[in-house]
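Undergrad: can you look at this prediction? I've put the sequence above it.
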Amino acid sequence: MSRQSFNDTFLRACRKEPTDYVPVWYMRQAGRYQPEYRKIREQYSFFELNANPEVCAEVTRLPVEQLGVDAAILFADIMTPLQPIGVDVDIESGIGPVIANPVRSIGDVERLGELDPETHVPYIMESIKILREQLSVPLIGFAGAPFTLASYLIEGGPSKNYHRTKAFMYAEPKAWQALMDKLARLTVTYLNAQIDAGAQAIQVFDSWVGALNAQDYRTYIAPVMQRIFTALKPSGVPLIYFGVAAGHLLEEWNELPVDVVGLDWRTTISDARAREVDKVIQGNFDPSLLLAPWEMIEARAKAILDEGMAQPGYIFNLGHGLFPEVDVKTVQKLTSFVHNYTKKA
Ligand code: 1CP
């Protein structure tokens, strides 16, 4: 198999180095909006697919080949490392993770095991090794952050307001701390295993942490995130931190030893920089706009790119994940637009 020369644009941008154009990848770039993905999913449950390295690598490569994005993200879920430590989780179509044995007490926290990647999720490292042979763009490894994982564990599935999660945090501080400690250890072990296997950048998804105000974030979460990123830092791979509706936490995030922060569409790039966020910025095109007329998509993408490129260190992405109703052709067109518009003459 002939290999194209390696495209390191994304990694260079993560390090604030000059690039020939603005790199782009999309959260949920592998998923149900792709007919090929839907076809493969007819044959396997989510976790069956996840545990099959050859197919997992194929699904990971699909958007790279189809869209021409500058990075691949390992196909897995934030729930992947929780199943082997005793969480009875399934991915239900149209819902997401559903947990049959939610965590509601200190006893439930204590019953959760410790992750041993080599025995519990060997297929993750195997997928990464296969992909490093096949890809000519960087491979991003990922994990869910403790708050976001805890929200599923405690609520038992997706939630709108995280009442139970916050109630546990406020009312059971010892149990909460024990849960955070366990999930922090799991996250570091899991991500270091991915890095050792060949992941070239790491994104930590704290999708739902924006449910907390800044004071609670500082008290309950910032120390945990500090520990996780400090432990990963010596690996030398770029570290990306992302959350939805978390613009009010940017000052807290800026204190963490991360290289890149992912913004959703509610916070503008200029606003983040005006607030002295000195990290590389990734984002923040509203995924809903992908259903708008092309002229509007182009105008909005152009505006975001102008803002992003105004300072070094910018990666184009969506403000949250691609969703099933989006047309693959629109995403292809947007990817080409980002590349062409930002290419240095
Ligand atoms: O290309 C890729 O990004 C694919 C790999 C990937 C990633 C990075 C998947 C596959 N899931 C994730 C991360 C993930 N999973 C997050 C963080 C990113 C985000 O905020 O979207 C979260 C919150 C989850 C939990 C989850 N898993 C949800 C969201 C539920 C909710 O609370 O709203 C859903 C729908 C899933 C299932 C899932 N995971 C991945 C896919 C492609 C799917 C859906 C499809 C299927 O059933 O095949």
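TA: Cool, the structure landed.
Undergrad: the closest residue in space to K344 that isn't next to it in sequence and A72: what is the separation?
TA: Leaving aside its chain neighbours, K344 sits nearest to D20 (5.8 Å; criterion: C-beta to C-beta, 6 or more residues apart in numbering). Any C-beta I mention is one placed from the backbone N, CA and C, and that applies to glycine too. To A72, D20 is 19 Å away according to C-beta to C-beta, to the nearest Å.
Undergrad: tell me the helices and strands packed up against the one helix or strand A143 maps to.
TA: Per DSSP states H and E: A143 is located in strand 139-144. Applying 3 or more C-beta pairs under 8 Å, 6 or more residues apart in numbering; DSSP states H and E, one finds that strand 139-144 contacts strand 72-73, helix 122-134, helix 173-197, strand 201-205.
Undergrad: who's more crowded, D20 and A72?
TA: For D20 and A72, the more surrounded residue by other C-beta atoms under 10 Å is A72, and the numbers stand at 27 against 12.
Undergrad: and stretch 108-126, end to end?
TA: 31 Å (C-alpha to C-alpha, to the nearest Å).
Undergrad: and it, anywhere near the ligand?
TA: No - using C-beta under 6 Å from any ligand atom, we find that stretch 108-126 stays clear of the ligand, coming within 11.9 Å at best.
Undergrad: contacts for that stretch, please.
TA: Outside of stretch 108-126, the residues within contact range by C-beta atoms under 8 Å, 6 or more residues apart in numbering are 50-53, 56, 74, 76, 80-81, 84-87, 101-103, 175, 178-179, 182, 185-186, 189-190, 193-194, 196-197.
Undergrad: which non-adjacent residue is nearest P63?
TA: Using C-beta to C-beta, 6+ apart, the closest residue to P63 is Q29 (3.8 Å).
Undergrad: right, and the helix or strand after the strand holding A143?
TA: Following strand 139-144 toward the C-terminus (DSSP H and E): helix 146-155.
Undergrad: next SSE downstream of that next one?
TA: helix 163-171.
Undergrad: tilt between that following helix and helix 146-155?
TA: 110 degrees (axes from the mean of the first three to the mean of the last three C-alpha atoms, to 10 degrees).
Undergrad: ok, the closest residue to I128 other than its chain neighbours - how many residues close by?
TA: Nearest non-adjacent residue to I128, counting by C-beta to C-beta, 6+ apart: A197, 4.0 Å away. Neighbour count of A197, defined by other C-beta under 10 Å: 21.
Undergrad: quick check: A197 vs G68, distance?
TA: A197 is 25 Å from G68, by C-beta to C-beta.
Undergrad: coming back round to it: could I get the helices and strands packed on strand 139-144 as TSV with mean pLDDT?
TA: Compiled in TSV, the helices and strands packed on strand 139-144 are given as follows (pLDDT from 0 to 100):
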stretch	mean pLDDT
strand 72-73	98
helix 122-134	98
helix 173-197	98
strand 201-205	98
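Undergrad: neighbours of H163, just the number please.
TA: 12.
Undergrad: roughly how far does it sit from the ligand?
TA: 15 Å (C-beta to the nearest ligand atom, to the nearest Å).
Undergrad: low-confidence stretches in the stretch 1-150 of the chain?
TA: Residue ranges of the stretch 1-150 of the chain with pLDDT under 70: 1-3.
Undergrad: who in it is up against the ligand?
TA: Near the ligand, when you scan the stretch 1-150 of the chain using C-beta under 6 Å from any ligand atom, you find 27-32, 41, 46, 73, 75-78, 91, 93, 96-97, 142.
Undergrad: only the buried subset of those residues, as a ChimeraX command please.
TA: Under the burial definition 16 or more other C-beta atoms under 10 Å, those of these that qualify are selected in ChimeraX by:
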select :27,28,29,30,31,32,41,46,73,75,76,77,78,91,97,142
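Undergrad: among the residues of the stretch 1-150 of the chain next to the ligand, name the ones in helices.
TA: Those of those mapping onto helices are R41, F46, per DSSP state H.
Undergrad: output the helices and strands packed on strand 139-144 as CSV; include the columns distance to P158.
TA: Formatted as CSV, the helices and strands packed on strand 139-144 follow (distance: least, C-beta to C-beta, whole Å):
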stretch, distance to P158
strand 72-73, 21
helix 122-134, 23
helix 173-197, 18
strand 201-205, 14
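Undergrad: and of these, who's closest to Y162?
TA: Y162 sits nearest to helix 173-197 of all those, at 12.9 Å, using C-beta to C-beta.
Undergrad: show me what the closest one is packed against.
TA: If you count contacts as 3+ C-beta pairs under 8 Å, 6+ apart, helix 173-197 packs onto helix 106-111, helix 117-120, helix 122-134, strand 139-144, helix 146-155, helix 163-171, strand 201-205, helix 222-232.
Undergrad: that older thread, how far does the strand holding A143 sit from its chain's centre?
TA: Offset of strand 139-144 from its chain centre (C-alpha atoms, centre = their mean, to the nearest Å): 6 Å.
Undergrad: buried residues, that strand. List them.
TA: By 16+ other C-beta under 10 Å, the buried positions in strand 139-144 come out as L139, I140, G141, F142, A143, G144.
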